[in-house]
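Undergrad: Requesting a structural model of the entry that follows:
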Amino acid sequence: MIRFIIAVLFVVLFLLFSYILFFIEWIVGKCNKRAKDISSLRIVQWAFKVVLWISGVKLTVIGKENMPKGAALYVGNHRSFFDILIAYVQCENLTGFVSKDSMNKVPSFRIWMRYLYCLFLDRKDIKQGMKTILQAIEYVKQGVSIFIFPEGTRNKGEELSILPFKEGSFKIALKTGCPIVPVSINNAAEIFENHLPRIKKTHVILEYGKPIYPKELDREEQKHIGATCQKIIEDTIRKNASLV
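TA: I've put the predicted structure just below:
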């Protein structure tokens with residue numbers, strides 16, 4: 001319980017102090033937008049690293065060499081609120097996460113997300129969802145990677161299970177030709193979700209699979225690319241289950 005309280009206090013203080021940082025970032029952006037983008041990324045990564053440290057998360061990363069230098073579409077399984085923190089601290093370049101629309105209601109958090117090219121997805125509004133995908137495509141064309149959880153929601157089922165991937169998410173890569181990187185996360189739900197409201201010291205395995213290049217696939221393979229990525233991630237999760 002102590003870890004939970006300290007983590008919450010840190011997040012609250014960071015979000016309050018963020019308004020000073022927003023002003024500084026605004027000034028930086030007036031002089032150099034790229035510098036603002038990178039500094040915003042590093043600030044948020046620092047905050048996430050602190051939360052993971054407070055939470056006692058031991059993170060083992062496998063396959064980081066598989067992360068492309070340019071823009072890519074990262075797709076991963078989703079079982080915990082900590083998934084975003086775990087994946088985001090590894091990003092070397094600008095990466096926007098696709099998040100549920102409710103995250104847009106927290107003022108300072110919303111600003112950071114917009115600074116970092118994150119997108120808000122209303123799963124109940126198909127038309128708005130398409131606009132989100134189109135915006136993600138534009139970001140990739142600008143050199144910004146996109147990270148999405150194609151299950152569409154947090155999976156609360158068995159530890160090694162994955163909900164069916166939504167194929168629409170993969171249009172981001174099919175329309176831009178950017179590589180798709182399957183990302184598997186083992187044991188993240190054990191940090192918090194499996195024993196609310198306690199935060200438990202946990203060993204998490206994060207693995208980046210080899211990039212898949214849409215242009216190298218035939219039309220039929222492109223049509224089922226979501227199922228292919230799901231199978232890769234499922235196999236990787238089972239492979240890494242003994243490591244946690």
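Undergrad: can you give me the helices for this structure?
TA: 2-31, 33-54, 82-88, 107-115, 126-141, 171-176, 219-223, 225-240 (DSSP state H).
Undergrad: Could you check how many residues crowd around K49?
TA: Using other CB atoms under 10 Å, K49 has 15 neighbouring residues. Glycine gets a C-beta too; all of them are placed from N, C-alpha and C.
Undergrad: before we move on, what about the one 5 residues further on?
TA: Using other CB under 10 Å, I54 has 19 other residues around it.
Undergrad: and if you look at L196?
TA: 8.
Undergrad: Kindly list the main-chain dihedrals of it?
TA: phi -50, psi 140 (degrees, to the nearest 10).
Undergrad: State the distance from it to Y208.
TA: 29 Å (CB to CB, to the nearest Å).
Undergrad: Ok, L73 next?
TA: In terms of CB to CB, L73 sits 13 Å off from Y208.
Undergrad: More neighbours: those two, which one.
TA: More neighbours surround L73 than the other of L73 and Y208, with 28 against 23 (other CB under 10 Å).
Undergrad: leaving aside the residues next to it on the chain, what's closest to the more buried one?
TA: Spatially, and ignoring its direct neighbours in sequence, L73 is nearest to A173 (4.3 Å; CB to CB, 6 or more residues apart in numbering).
Undergrad: Correct me if wrong: the one you found contacts I180.
TA: Yes: in this structure, A173 is within contact of I180 by CB atoms under 8 Å, at 4.8 Å.
Undergrad: Need the overlap of contacts for the two.
TA: Here A173 and I180 share the contacting residues 73, 214, 225, scored by CB atoms under 8 Å, 6 or more residues apart in numbering.
Undergrad: OK, contacts around the residue nearest to L73?
TA: 73, 140, 179-180, 214, 225.
Undergrad: Now compare the residues you listed and name the two farthest from each other.
TA: The span of the contacts of A173, defined through CB to CB, is set by V140 and I225 at 15.5 Å.
Undergrad: is it true that G63 touches Y208?
TA: Yes: when contacts are counted by CB under 8 Å, G63 is listed as touching Y208 (4.0 Å).
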